[in-house]
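S.K.: here you go, sequence then predicted model.
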Amino acid sequence: MATAQNRSSSWSNPDGLVVGFGTHKPTLEGSQLKSNVGPGGVKTGVVKFSYKDINAKSAGQVAAYVPVAAGSKIVEVKLVIDEAWAGASNTLEVGDGSDQDGFITSGVAAVANMTAGAVLAATGVYTAGATDTGAAELKYYAAADSIDVFAVSGSTDWTAGSATLVVTYI
């Protein structure tokens, strides 16, 4: 982003340095467009984890999490697979303390689906209204909580893989 686009006045010195004068007018690009700061704005929480974090936990234990404040409504939960996962018959789940697979079920986060570059979207019970399974729902947290990645099996046979849990909330 060039200084000339963000300042009311700018020039280049003989050595090529661009100098700006006046009020800075930032432009938002890429992921910044999705993350608005301030009361009521959309926020994004991110945590990276690997197969080693999962292997270190027993079945049903939290291996990675994104905290959410009291009063938050979850807009989107997804797993972005950074490095392909490998391991015999393994799965992950993403939920919270009330429902381990409330956002991403073991059917979605199965090793066969966890290929490099894949984006696994939330399809659990928290993503649809209670009376209409086709209606989108924003899961509300009255008290502070966390969106958790759970180790489904107690085995330690994951041999590769890393991912990023991305939680977008209001």
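M.R.: It's in.

S.K.: what is the neighbour count of residue 75?
M.R.: By the criterion of other C-beta atoms under 10 Å, residue 75 has 16 neighbours. Backbone N, C-alpha and C define where each C-beta goes, glycine included.

S.K.: now it, nearest residue through space, not along the chain?
M.R.: residue 168 (4.5 Å; C-beta to C-beta, 6 or more residues apart in numbering).

S.K.: helices and strands around the host helix or strand of the one you found, which ones?
M.R.: Taking DSSP states H and E as the definition, one finds residue 168 inside strand 160-169. Here strand 160-169 touches strand 43-50, helix 51-55, strand 62-68, strand 72-86, strand 145-151, going by 3 or more C-beta pairs under 8 Å, 6 or more residues apart in numbering; DSSP states H and E.

S.K.: mind listing residues that contact stretch 140-152?
M.R.: 45, 47, 49, 54-55, 57-74, 77, 79, 90-97, 100-101, 103, 106, 165, 167 (C-beta atoms under 8 Å, 6 or more residues apart in numbering).

S.K.: hang on, residue 16 in a helix?
M.R.: No. Under DSSP: H, G, I helix; E, B strand; the rest coil, residue 16 falls outside any helix and is assigned coil.

S.K.: from residue 72, how far out is it?
M.R.: 47 Å (C-beta to C-beta, to the nearest Å).
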